[in-house]
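Asks: what follows is a predicted structure for the sequence shown.
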Amino acid sequence: METSTVAAPPLAVETIGLTKRYPLTWKRKVLVALDGLNLQVKQGEVFGLLGPNGSGKSTTLKLLLGLIVATEGEARVFGLPPESLEARRRVGFLPENPYFYAFLNGDETLRFYGKLCGVTGDKLDKRIEELIDLVGLQNGRERPLRSYSKGMLQRIGLAQALIHDPDLLFLDEPTAGVDPLGSAQIRDLILKLKKMGKTVVFSSHLLEQVQEVADRVAIFSLGKKVLEGSLESLLTENQSTQVLIPAEMNPEQQERLRKFIGQTGVNESEIRFTRPHLSLEQLYLRTVQAQPDFVSKDSPRP
Amino acid sequence: MISSLHRILIIARNTLTEAVRQKVLNVLLIFGLVLICSSVTVSQLATPDIDAAGLFSEQIKFVKDFGCGAIGLFGFFIALLSTALLIPQELDKRTIYTILAKPVRRAEFLLGKFVGVVLLLALSVALMSLAFAATLYWQESVGLAAVEANYAQMDLKHTPTAQSMHDHDAAQIIKQVRDPQLVEAVLLIFAKIVMTAAIGLLISTFATSWIFTIITTFMIYLIGHGESLARTFWLSHGAETTIWQSGLIGLIALLIPDMNSFTIVDEILAGNRVPWHDVLNLLCYANVYVIVLLAVSVVIFDYREI
Ligand SMILES: Nc1ncnc2c1ncn2[C@@H]1O[C@H](COP(=O)(O)OP(=O)(O)O)[C@@H](O)[C@H]1O
Ligand SMILES: [Mg+2]
């Protein structure tokens, strides 16, 4: 064991026994929205919070942003208390079903949130251009948010979350209510952020999407974390191996391969040959994107 | 410190933008402007037919009362509506999350919102005062034209008496219209409106419905007017006040601003001299009161579950 003199970089997120109870005054009961959560997210990870509605995902994110106060337990963001300005300078947030000021247009919205974060002048102008490009909202720059579709709101939400170039992103149901194409774009964006070294913590109840981007996931139920681990370890079936051959094989070829593998000591009769399937999502995306007159995003139709 | 102030101003500006782009407030303001301008016509209908000089003096008094009354009333409505909706709207639509997730303190958010409302009120009062000034000027020219017409009809128009009567009437009208004390009146009205807004803000930091905020603010406003009367009444029966009664009076005086002192606006409108010193005193009182209310609001809002 090496005892390093250099302190390890602080965890992006750490919670110890984090609990949130809401008193239900009219019933003289309390509602436990989050129950003793212990969680650690390393810097650079993409972490997925899974669980049915009401399981405490949004509560967790709000606690990590200092928007609500924990009943018990502790939360740290980069080793700092979540409600401190230093912590929030390094954090970006996309709320669930985001809603912004309906009377501002896309540009004004980004300008407003940018200035609040202390981004100004040329730097802000440049950043707005970049983000509009990144989320593909060219057609929303001059339109008031009142007229935005759900997908556009989600995208302007992502852009405002990124305006101050934060190191850590909290995305609450980033793909809820977005069409498959839009949600694939959001997924690609999360992967892009990961490549840039950002930490992303997001919640979702759509499992396929989580599977494609998350390094690790935690599954919540009724305010409790019931399972946690890397997708790799949670999803691998250790009892089998898959070989992908990018060609069609006739029965004779299959037989020869079966024999060949049999020589390694594997029971020949347990080897199965199947054709891999596309997921419906992959099929959908391929089809839609292959259209010659395909126009990306919510551009107005002629 | 600087960046804190900066954030407050950014939020204030956004609040003002929101208000300006909102239909209700615009309609209210336009209604107020039209009403103020219409007072010239109304003044001619409302005043009885008496001798010329008295007539104009009455009409000008009417326009002044009407104008200041309208500024106060519409300012009051705008203040009440905009503050009562200020926080509930943010909570309902959860836009508050998007702001407080940024490096912004809750106090900065609340103060920014309030400054935005004060800017809105300043803008509204300024616009209405412009309309008021224009209306007064209009009334003045109507008056002077009538004096001229009157003089032209006179048989003895070139006698020194007629000449001096004419000059006197004209000077009287101009003096009454261009009364610098009107600036004091508008400032006092503005201070009163801002106080109302601060009361509304304080209540909305803990209220769960904006209707509650409006009703409570309105009640406090009314009590604020009756308060000093009650106090005088009680104290005049000095011997009978128990320690509880004086305690209660003290508590009410502390909690509820004394709105009645702003009735010196009526003195100004009646043409009586009100020294700047008194006006400044009252403005200072309003200022201190608003600051105290804001401090309490910030503390309550910090504890509020959003
Ligand atoms: N302000 C609140 N008052 C009372 N209960 C709340 C409040 N916010 C959330 N809850 C409850 O806490 C539980 C967890 O909610 P949430 O974290 O939003 O779930 P989700 O996993 O769907 O995001 C739910 O049962 C919800 O009803
Ligand atoms: Mg949720």
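Replies: That came through, no problem. Ligands and ions are numbered 1, 2, ... in the order given.

Asks: chain neighbours aside, what residue packs nearest to A:Gln160?
Replies: Nearest non-adjacent residue to A:Gln160, counting by CB to CB, 6 or more residues apart in numbering or on different chains: A:Tyr113, 4.3 Å away. No exception for glycine: its C-beta is placed from N, CA and C like everyone else's.

Asks: got the contact list for the host helix or strand of that neighbour?
Replies: Taking DSSP states H and E as the definition, one finds A:Tyr113 inside helix A:106-116. If you take CB atoms under 8 Å, 6 or more residues apart in numbering or on different chains as the criterion, helix A:106-116 is touched by A:100-101, A:104, A:120, A:124, A:127-128, A:131-132, A:137, A:140-143, A:145, A:156, A:159-160, A:163-164, B:6-7, B:10-11, B:14, B:98-99, B:102-104.

Asks: and it, what's buried?
Replies: A:106-116 (16 or more other CB atoms under 10 Å in any protein chain shown).

Asks: could you point out which element follows it?
Replies: Counting by DSSP H and E, the next helix or strand C-terminal to helix A:106-116 is helix A:121-135.

Asks: what distance separates the helix holding A:Tyr113 from the centre of its chain?
Replies: Helix A:106-116 has its C-alpha centroid displaced from the chain centroid by 23 Å (CA atoms, centre = their mean, to the nearest Å).

Asks: look up phi and psi at A:Val30.
Replies: When read as degrees, to the nearest 10, the backbone of A:Val30 gives phi -120, psi 150.

Asks: what secondary structure does the nearest residue to it once chain neighbours are set aside sit in?
Replies: Residue nearest to A:Val30 in three dimensions, not counting chain neighbours: A:Arg21, with 4.6 Å by CB to CB, 6+ apart. Classification of A:Arg21 using DSSP: H, G, I helix; E, B strand; the rest coil returns strand.

Asks: ok, now which ones touch A:Arg21?
Replies: By CB under 8 Å, 6+ apart, the contact set of A:Arg21 is A:30-33, A:71.

Asks: now do the end-to-end distance for stretch B:268-281.
Replies: 16 Å (CA to CA, to the nearest Å).

Asks: tally of neighbours for A:Pro276?
Replies: Using other CB atoms under 10 Å in any protein chain shown, A:Pro276 is surrounded by 8 other residues.

Asks: contact residues of chain A facing ligand 2?
Replies: Within chain A, the positions adjacent to ligand 2 are A:58, A:96 by CB under 5 Å from the ion.

Asks: sorry, back to before: gap between the residue nearest to A:Val30 and ligand 1?
Replies: 9 Å (CB to the nearest ligand atom, to the nearest Å).

Asks: please name every helix or strand in contact with the biggest helix by length in chain B.
Replies: Counting residues, the longest helix in chain B under DSSP state H turns out to be helix B:106-153. Helix B:106-153 sits against helix B:2-20, helix B:23-46, helix B:52-92, helix B:95-100, helix B:160-177, helix B:181-206, helix B:276-303, with contacts defined as 3 or more CB pairs under 8 Å, 6 or more residues apart in numbering or on different chains; DSSP states H and E.

Asks: which one of these lies nearest to B:Gln245?
Replies: helix B:276-303 (23.6 Å; CB to CB).

Asks: in the closest one, which residues are buried?
Replies: For helix B:276-303, a neighbour-count test (16+ other CB under 10 Å) marks B:279, B:282-283, B:285-286, B:289-290, B:293-294, B:297-298, B:301 as buried.

Asks: which strands and helices sit next to that helix?
Replies: So helix B:276-303, by 3+ CB pairs under 8 Å, 6+ apart, packs with helix B:106-153, helix B:181-206, helix B:264-269.

Asks: re earlier: are any of the contacts of A:Arg21 buried, and if so which?
Replies: A:32-33, A:71.

Asks: among those residues, which are within reach of ligand 1?
Replies: Among the buried ones among the contacts of A:Arg21, the ones lying close to ligand 1 by the criterion of CB under 6 Å from any ligand atom are A:Ala33.

Asks: number of residues surrounding A:Thr60?
Replies: 29.

Asks: need the contact list for residue 17.
Replies: Assuming you mean chain A. Neighbouring residues of A:Gly17 by CB under 8 Å, 6+ apart: A:36-38, A:72-74.

Asks: I was after chain B.
Replies: Per CB under 8 Å, 6+ apart, neighbours of B:Thr17: A:103-104.

Asks: try it again at 10 Å.
Replies: A:101, A:103-104, A:108, A:112, B:116, B:120 (CB atoms under 10 Å, 6 or more residues apart in numbering or on different chains).

Asks: coming back round to it: out of the helices and strands packed on helix B:276-303, nearest to ligand 2?
Replies: Closest to ligand 2 of the helices and strands packed on helix B:276-303, according to CB to the ion: helix B:106-153, at 22.6 Å.

Asks: from the chain's centroid, how far away is the closest one?
Replies: Relative to its parent chain, helix B:106-153 has a centroid offset of 11 Å by CA atoms, centre = their mean.

Asks: all set now, cheers.
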